[in-house]
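In: Mind looking at a prediction? Sequence and model below.
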Amino acid sequence: MAKFQIWYMRPEWFRHGILGTLPDVDNLAVTHTHLRELELDAGEQPLEAVYRAMQGEVWSSCGEARWLIECKGLSHTSMSVGDAVVDETGNTFIVGPVGFNQL
């Protein structure tokens, strides 16, 4: 099992992130909010597995994550371009238009 930190863009950063502006990896909390920890059997493509697991229809198929999203001050349930994943070794990756980019 692999462990990941899931960081979603703050609403005020969303436009920048969706357009490809990269955040400062040393100050990720300025532009992103730590949403949750995710543990999964990631296989050979762990980031793709994380992305699939963080789609709204998978982890909140009946709206069960709505309270978490709202209490964190976020506005989107499905992982999207600009959101971040931190792996258990501390590497940070940003969702890109295609795949992930390491910061």
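Out: That came through, no problem.

In: from here on, contacts and neighbour counts on C-alpha atoms
Out: Fine.

In: Helix, strand or coil: sort out Asn47 for me.
Out: Residue 47: Leu, not Asn. helix (DSSP: H, G, I helix; E, B strand; the rest coil).

In: Is it correct that it is in contact with Gln102?
Out: No: with contact defined as Cα atoms under 8 Å, Leu47 does not reach Gln102; the gap is 10.9 Å.

In: These two: which is more packed in?
Out: More neighbours surround Leu47 than the other of Leu47 and Gln102, with 20 against 13 (other Cα atoms under 10 Å).

In: How about the contacts made by the more buried one?
Out: Val85, Phe100 (Cα atoms under 8 Å, 6 or more residues apart in numbering).

In: Please tell me how far the nearest residue to Ala84 once chain neighbours are set aside sits from Val86.
Out: Excluding its sequence neighbours, the residue lying closest to Ala84 (Cα to Cα, 6 or more residues apart in numbering) is Ile94, at 4.5 Å. Ile94 sits at a distance of 9 Å from Val86 (criterion: Cα to Cα, to the nearest Å).
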